[in-house]
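J.: Sequence first, predicted coordinates after that:
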Amino acid sequence: MLIAAGALVAGTVTVLPAAPADAGEPTPRPLAGLAWTECATKAYPRLQCATLKVPLNHDDPAGRKITLALTRVPHTAKTFQGPLLVNPGGPGGSGLGMAGYVAASLPPKVTAEYDVIGFDPRGVGRSEPALDCKPGHFAPVRADSVPTGTTAERAAIERAQSFAEACGDKYADVLPYIDTVSTARDLDAIRQAVGAPRINYLGYSYGTYLGSVYARLYPDRVRRMALDSVVNPHGVWYEDNIAQDYAFDNRHKDFMAWVARQNAVYRLGTDPAAVEAAWYRMRDALRTAPAGGKVGPAELEDTFLPGGYYNGYWPRLASAFAAYVNDADPVPLKEAYERYGEADAAADNGYSVYTSVQCRDAGWPRDWSVWRKDNWDVHAKAPFSTWNNAWYNAPCAFWPVESLTPPEVANDQLPPVLILQATDDAATPYEGGVALHRLMRGSSLVVEEGGGNHGVTLGGNDCLDEHLAAYLATGEVPRGEGDTEVDAICAALPEPEPEPVTAAAPSTPEKSGKRAGAVRAERAGIALHGLLGHVR
């Protein structure tokens, strides 16, 4: 959800002293200069907007300033638990839409006690400057992501190198400060600007790493922290991307198996291996005849990768797959690409920030022969998106700014942290949740057993949502019995139901004949994963 200019309502609201806080929480003291204006939308009628200037270099607070864009849904209850900052991940994801969504998705009694605050991190969206290193970098039709020879590999390397050079040419003065530690220090600037002694925080995906770094820098300024779908801090960032390659290939196989179970609808066979083979034959065919003149092998991977983040996309992806294979109809495949895979200006911005943060945060191999060997080794076992992911990150081999050393995130100084993780998450595999649980003493690990979606709270799973709501309401976390590392288990949501193969857009959940509970869960899942940016 983007805040359209036409939705802004005139009027400025200066931050006012809040109601007395509970549990001895001091009353926040507003700082001069941060003012909230009404920017209501139909969905979020109480939404407010503000901007905050922060130092580009926090070690030079009197130097150049940049601007962060913020949104807020203010508390309404007499009991005030402080600000709840929310981040959708990325890096490079816009968080402006998160305030309204989280406030509307939590139980009203919980929402009423918080100022729910979303923000565009430095470099992103409506924050200034917003990075866009090379517009149109993902314009179709790109070369096959799997390099078929020396010439193809050299061309792909040069493409990645040109992106890195473009970033350096346009943003040489900014790139040294687009990193996770600087963004964590921005979080603390937001805390100061709203006059809060401590923050509450909900972070998804990369937002879990951002939260972990903030907690390491400022442990005494964390009140409550919920981390959903956890980055493995031991692998930042090269090793984590290798782990993703295996996990996304497994998740793609899960999708192929689901398609096989729905053979009555999709007519692609009942053997998952045969269905997968048909998918790769489709990929091969697109190399010489891109669907609709737009979807070659690389674009096909871009289109189906979101299905690895969220299985709610499976029915439409399967319909496009079946229409192409069974009916030689490329139109649904082209439409699926335009819906899930095609990059727009926001995606160009997000990718510019993604590379800027990840390339700066930690060391990457500078010798391309390391990338070549590692990715061919992984591709041999996990071919679905390994090379696509390699080229996505390849600018880091040529990044014009020296890499930093990632901070440690082990922490024994925090109040209980709530960690939520699906067992079959591809983007942040399960091991990351366990690793952070071990590093954060006193944390609680809640697992979605058998779940494969990335981002699991406020997406339709009542069990997980209840744990989150209870934690935000009381600060209490579940505790497992005995020596188990898992403190609570929630069952995964049921698999999605198939939809008829058609070139037309799928029916809405309300018109599909599904049970009310399934409709509500599907609507929540689609809304959440749209905000988390699980499409390129």
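T.: Here it is on my side, so go on.
J.: Please make it C-alpha for all contacts and neighbour counts, starting now.
T.: OK.
J.: So which residue is dead centre in this protein?
T.: Nearest to the geometric centre of the chain sits Gly89, at 3.9 Å (C-alpha atoms, centre = their mean).
J.: three-state assignment of that residue?
T.: Secondary structure, DSSP: H, G, I helix; E, B strand; the rest coil: Gly89 is coil.
J.: Please look at it and Leu202 and confirm they touch.
T.: No - contact criterion C-alpha atoms under 8 Å: Gly89 and Leu202 do not qualify, at 10.4 Å.
J.: quick one, what contacts the closest residue to Trp368 other than its chain neighbours?
T.: Nearest non-adjacent residue to Trp368, counting by C-alpha to C-alpha, 6 or more residues apart in numbering: Ala397, 7.1 Å away. For Ala397, the contacting residues are 161, 364-368, taking C-alpha atoms under 8 Å, 6 or more residues apart in numbering as the criterion.
J.: Could you measure from the residue lying closest to Leu175 once chain neighbours are set aside over to Ser403?
T.: Closest residue to Leu175 apart from its sequence neighbours, by C-alpha to C-alpha, 6+ apart: Ser356 at 6.5 Å. Applying C-alpha to C-alpha, to the nearest Å, the value for Ser356 to Ser403 is 10 Å.
J.: Now the helix or strand Ala155 falls within: average pLDDT?
T.: Assigned by DSSP states H and E, Ala155 belongs to helix 150-171. Averaged across helix 150-171, pLDDT comes to 98.
J.: hang on, isn't His529 packed against Gly455?
T.: Yes - assessed by C-alpha under 8 Å, His529 is found in contact with Gly455 at 7.4 Å.
J.: Of those two, which one has the most company?
T.: Gly455 (29 against 22; other C-alpha atoms under 10 Å).
J.: Can you give me the distance of the more buried one to Phe321?
T.: Taken as C-alpha to C-alpha, the span from Gly455 to Phe321 is 25 Å.
J.: one step back: return the members of the contacts of Ala397 classed as buried.
T.: The neighbour count (16 or more other C-alpha atoms under 10 Å) marks 161, 364 as buried among the contacts of Ala397.
J.: Now secondary structure and distance to Ala112 too, for the contacts of Ala397, in JSON lines please.
T.: Below are the contacts of Ala397 laid out as JSON lines (DSSP: H, G, I helix; E, B strand; the rest coil; distance: C-alpha to C-alpha, whole Å):
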{"residue": "Gln161", "secondary structure": "helix", "distance to Ala112": "49"}
{"residue": "Trp364", "secondary structure": "coil", "distance to Ala112": "44"}
{"residue": "Pro365", "secondary structure": "coil", "distance to Ala112": "48"}
{"residue": "Arg366", "secondary structure": "coil", "distance to Ala112": "50"}
{"residue": "Asp367", "secondary structure": "coil", "distance to Ala112": "53"}
{"residue": "Trp368", "secondary structure": "helix", "distance to Ala112": "53"}
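J.: Specify which member of the contacts of Ala397 is nearest to Leu227.
T.: Trp364 (25.8 Å; C-alpha to C-alpha).
J.: Does that closest one touch Cys396 like I think?
T.: Yes - with contacts counted by C-alpha under 8 Å, Trp364 reaches Cys396, the gap being 6.4 Å.
J.: Show me the strands in the stretch 51-200 of the chain, by range?
T.: Along the stretch 51-200 of the chain, counting by DSSP state E, counting those that start in this stretch, strands occupy 65-73, 83-87, 115-120, 199-204.
J.: By mean pLDDT, which helix or strand of the chain comes out lowest?
T.: strand 12-14 (a mean of 28; mean pLDDT, DSSP states H and E).
J.: going on from that strand, what's the next piece of helix or strand?
T.: Proceeding N to C from strand 12-14, the next assigned helix or strand is strand 35-38, under DSSP H and E.
J.: ok, that next one: who's next to it in the sheet?
T.: Applying DSSP bridges, strand 35-38 is found paired with strand 12-14 (antiparallel), strand 48-55 (antiparallel).
J.: what pLDDT does Asp374 get?
T.: pLDDT, Asp374: 98.
J.: Any buried residues in the host helix or strand of it, and which?
T.: In the assignment (DSSP H and E), Asp374 maps to helix 368-381. With burial defined by 16+ other C-alpha under 10 Å, the residues of helix 368-381 counted as buried are 371, 375-376, 378-379.
J.: what about stretch 34-51, start to end distance?
T.: End-to-end for stretch 34-51, by C-alpha to C-alpha: 7 Å.
J.: Let me see the mean pLDDT of that stretch.
T.: Rounded mean pLDDT across stretch 34-51 is 95.
J.: Please renumber the chain so that the first residue is 670 from this point on.
T.: In the new count, where the first residue is 670, that last one comes out as stretch 703-720.
J.: can you give me the offset of it from its chain's centre?
T.: 23 Å (C-alpha atoms, centre = their mean, to the nearest Å).
J.: For that stretch, list every residue counted as buried.
T.: For stretch 703-720, by 16+ other C-alpha under 10 Å, it's 703-710, 713, 716-720.
J.: Stretch 799-818 now?
T.: 799-803, 806-807, 809-815.
J.: Next, the distance between the ends of that stretch.
T.: 37 Å.
J.: contacts for it?
T.: By C-alpha under 8 Å, 6+ apart, stretch 799-818 touches 791-793, 821-822, 825, 832, 835-836, 839-840, 956, 959, 962-968, 1011-1012, 1014, 1017-1018, 1021-1022, 1056-1057, 1060.
J.: again, but for stretch 1150-1159
T.: Applying C-alpha under 8 Å, 6+ apart, the external contacts of stretch 1150-1159 come out as 1103, 1113-1118, 1132-1133, 1147-1149.
J.: List buried residues within these.
T.: 1103, 1113-1118, 1132-1133, 1147-1148.
J.: As TSV, these with pLDDT would be great.
T.: Putting the buried ones among the contacts of stretch 1150-1159 into TSV (pLDDT from 0 to 100) gives the following:
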residue	pLDDT
Val1103	98
Ser1113	98
Leu1114	98
Val1115	98
Val1116	98
Glu1117	98
Glu1118	98
Cys1132	98
Leu1133	98
Pro1147	98
Arg1148	97
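J.: Let me have the residues you listed in TSV, adding distance to Thr1097 and secondary structure as columns.
T.: As requested, the buried ones among the contacts of stretch 1150-1159 are arranged in TSV below (distance: C-alpha to C-alpha, whole Å; DSSP: H, G, I helix; E, B strand; the rest coil):
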residue	distance to Thr1097	secondary structure
Val1103	11	helix
Ser1113	18	strand
Leu1114	15	strand
Val1115	15	strand
Val1116	13	strand
Glu1117	13	strand
Glu1118	15	strand
Cys1132	21	helix
Leu1133	17	helix
Pro1147	22	coil
Arg1148	23	coil
